[in-house]
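Engineer: Have a look; sequence and predicted model below, questions after that.
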Amino acid sequence: MSSRAPALAATLAKPASAPAGVPLGAMQARPAAVSPAVAPPMWLLAELTYRCPLHCAFCYNPVDYASNLNELSTAQWLDVIRQGRKLGAAQLGFSGGEPLLRDDLEELVAEGHRLGYYTNLITSGVGLSEPRIARLKAAGLDHIQLSFQDSSREMNDFLSSTRTFDLKSRVAALIKQYDYPMVLNVVLHRYNLDHVERIIEMALAMGVEYLELANTQYYGWGLVNRAQLMPSQEQLRRAEAVVNAWREKIGKRLRILFVVPDYFEDRPKACMNGWGSVFLAVAADGSALPCHAARSIPNMEFPHVTRQSLQQIWYDSDAFNKFRGDAWMKEPCRTCEDKHKDFGGCRCQALALTGDAANADPVCGKSADHDKVVRIVRQAQAAQVGQGGAQPLLFRSDANSRKLARAKK
C-alpha cells in the first residue's frame, strides 16, 4: 500500500481548488460547516483492509498491523460512506492494504457514485482482472491510481518481494482500455532513484498521463527501513535534474510530479494540509484518523465509527482537535510567520525524531532538533560510500509485523 500514500498528500496540497479530477461543482455542493471555525472534510479515505499481496519495505501501514486484522462489514462501510457525504466530503478514496481483496468493493464504489462522490481506487493492480475492471466501471468508479516499484521486472519484483511486474503491466493496459486517466505512482528511495529516466520512459510507453515520483516518507515500514532506503543528496540532485529535463522535453504529454523527501528540505510540508483540516481516514478496523500514520502517536485515543458519528468525530473528538489550529504550538512554531502555511509540519515526524508530537517538525531549519535530520542525511551518504555492513531490508509481512509488535511491548 505504501506507494499510494504520498499521492494523497499531493492531492491535498491545493485546498483552494478541487482535488485532481474532482469537478469544482462537487466541491461547491458541500454543505456549510457546523462550526464556522472548522470546515467539513474534503477527502474521505476508506482503508478497507490491511491485507496486501505485496510486501513493500516502505509501506505506510502500521508496522504492527498484524495484531489487529479486524475489518468493518459491508453495512458498516456503507454507513461510513453515507455519513461522509452528508458531512460534506467530496472525494472518496478506496485504499488499503489492497482494496481489491474486498469482495464488496463494487458495491461500495456504486454507493459512493450514487451519492455524488468523486471515487478513486488506489491499488497495486493485483486482482484487477478485466471482469473486475468492467464491474468497477459499471459501478461508476472515476479514477484508478496504479503503483509500480520500478521500471524493470527484476527491481519491481525485488522491492515488492513478489512477482508482479508483468501483472501490473497488463493492468496498466486494462486501465487505458477502459478509458481511465492513466495515473502511475512510483515510490522512490536509494534502490531506484537512479532509475528515474527509465521509469519516465516506461510511463511514456504505457501512455501514462500523470506520473507521481514520490520519494519515501519515513513513517510506518519506511521508518523501520530508513537507514536502508535513504538516498544521498547527490542521488536526489541527479534525479531531480533528470525529471526537469524530461519535463522540458515532453511538455504536457506527461505530467510529472516529483515529491522531494522531507529530510532534504529546510522547511516542512503542510502535512495533510493541516491536522483535521481536509482529510479524514477510516482505518480497516473502523478507527478514524486525521492522517495515515496518526496511530504512531502514543497516548492518543482515536474515535471509532461504530461508537460515534463522523460528525461527532470530525468536530468534537479530542483526537481531531488535538493539533488543529495553532493553540497547541510551541516555539518556534507559535510565533513563526509561516505557521498557517506549514502548520508546524508533520506531527508523526516530530514524534519519530524528537519524541514529542507537539514539537516543531525537525525538518524545519528553525527547529532546535534540525541537526538530527542533518545527521541522518549525512549518515545515508556515508552508508552509500561504504555499504559493507548494511542491514537487509525488512519487508512488510504478517510475520515481521508480529515480531515488531512483540518488540514494542
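Structural biologist: Done, it's in.

Engineer: need the longest helix for the protein.
Structural biologist: helix 233-250 (DSSP state H).

Engineer: What is that one packed up against?
Structural biologist: helix 196-206, strand 210-215, strand 255-259, helix 370-385 (3 or more C-beta pairs under 8 Å, 6 or more residues apart in numbering; DSSP states H and E). All C-beta atoms are positioned from the backbone trio N, CA, C, and that covers glycine.

Engineer: Return the most buried member of these.
Structural biologist: strand 210-215 (a mean of 24; mean count of other C-beta atoms under 10 Å).

Engineer: closest to residue 151 out of the helices and strands packed on helix 233-250?
Structural biologist: helix 196-206 (4.1 Å; C-beta to C-beta).

Engineer: who's in contact with the closest one?
Structural biologist: 148, 150-152, 169, 172-173, 176, 182, 184, 186, 188, 192, 211, 213, 239, 242-243, 246, 250, 253-254, 256 (C-beta atoms under 8 Å, 6 or more residues apart in numbering).

Engineer: show me what contacts residue 358?
Structural biologist: 323, 328, 329, 330, 347, 350.

Engineer: contacting residues for the closest residue in space to residue 260 that isn't next to it in sequence?
Structural biologist: Nearest residue to residue 260, sequence neighbours excluded (C-beta to C-beta, 6 or more residues apart in numbering): residue 215, at 6.1 Å. Contacts for residue 215 (C-beta under 8 Å, 6+ apart) come out as 6, 187, 188, 189, 193, 231, 236, 258, 259, 260, 261.

Engineer: Just the strands from the protein, written as ranges.
Structural biologist: With DSSP state E, the ranges of strands along the chain come out as 43-47, 91-95, 118-123, 143-148, 182-188, 210-215, 255-259, 279-282, 288-289.

Engineer: For the first one, enumerate the helices and strands it packs against.
Structural biologist: In other words, strand 43-47. helix 5-11, helix 74-87, strand 91-95, strand 279-282.

Engineer: Can you list the helices and strands that the second one packs against?
Structural biologist: I take that to be helix 74-87. strand 43-47, strand 91-95, helix 105-115, helix 310-316.

Engineer: Can you give the distance from the first one to the centre of its chain?
Structural biologist: So that's strand 43-47. Its chain's C-alpha centre lies 11 Å from the corresponding centre of strand 43-47 when counted by C-alpha atoms, centre = their mean, to the nearest Å.

Engineer: what's the nearest residue to residue 301 once chain neighbours are set aside in contact with, if anything?
Structural biologist: Nearest non-adjacent residue to residue 301, counting by C-beta to C-beta, 6+ apart: residue 319, 6.7 Å away. Applying C-beta under 8 Å, 6+ apart to residue 319 gives the contacts 288, 289, 290, 294, 300, 301, 302, 303, 313.

Engineer: Now the buried members of these.
Structural biologist: By neighbour count, with 16 or more other C-beta atoms under 10 Å, the contacts of residue 319 hold 288, 289, 290, 294, 302, 303, 313 as buried.

Engineer: Roughly how far does the third one sit from residue 380?
Structural biologist: Separation of residue 290 from residue 380 (C-beta to C-beta, to the nearest Å) stands at 29 Å.

Engineer: same question, the second one
Structural biologist: Using C-beta to C-beta, we find residue 289 at a distance of 29 Å from residue 380.

Engineer: With the first one instead?
Structural biologist: Distance check for residue 288 against residue 380: by C-beta to C-beta, it reads 35 Å.

Engineer: Out of the contacts of residue 358, flag the one nearest to residue 123.
Structural biologist: residue 347 (27.6 Å).

Engineer: so can I have JSON lines of the strands of the chain showing mean pLDDT?
Structural biologist: JSON lines is the format used below for the strands of the chain (pLDDT from 0 to 100):
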{"stretch": "strand 43-47", "mean pLDDT": "98"}
{"stretch": "strand 91-95", "mean pLDDT": "98"}
{"stretch": "strand 118-123", "mean pLDDT": "98"}
{"stretch": "strand 143-148", "mean pLDDT": "97"}
{"stretch": "strand 182-188", "mean pLDDT": "96"}
{"stretch": "strand 210-215", "mean pLDDT": "96"}
{"stretch": "strand 255-259", "mean pLDDT": "95"}
{"stretch": "strand 279-282", "mean pLDDT": "98"}
{"stretch": "strand 288-289", "mean pLDDT": "98"}
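
Engineer: And the ones you listed: which comes nearest residue 393?
Structural biologist: Here strand 182-188 is closest among the strands of the chain (C-beta to C-beta), at 13.1 Å.

Engineer: Tell me which other helices or strands that closest one touches.
Structural biologist: helix 5-11, strand 143-148, helix 165-177, helix 196-206, strand 210-215.

Engineer: so the second one versus strand 210-215, what angle?
Structural biologist: Going by axes from the mean of the first three to the mean of the last three C-alpha atoms, to 10 degrees, strand 143-148 is angled at 50 degrees with respect to strand 210-215.

Engineer: what's near enough to touch residue 354?
Structural biologist: So residue 354 contacts 362, 367, 369, 372 (C-beta under 8 Å, 6+ apart).

Engineer: so the first one sits right up against residue 376, yeah?
Structural biologist: No: counting by C-beta atoms under 8 Å, residue 362 sits too far from residue 376 to count as a contact (9.6 Å).

Engineer: Quick one: residues contacting the closest residue to residue 113 other than its chain neighbours.
Structural biologist: Nearest non-adjacent residue to residue 113, counting by C-beta to C-beta, 6+ apart: residue 140, 2.8 Å away. Listed by C-beta under 8 Å, 6+ apart, the contact set of residue 140 reads 109, 110, 112, 113, 114, 119.

Engineer: The same query, at a cut-off of 7 Å, please.
Structural biologist: 109, 110, 113, 119 (C-beta atoms under 7 Å, 6 or more residues apart in numbering).

Engineer: now it: how far from residue 300?
Structural biologist: Residue 140 is 36 Å from residue 300, by C-beta to C-beta.

Engineer: cool, and residue 309?
Structural biologist: 20 Å.
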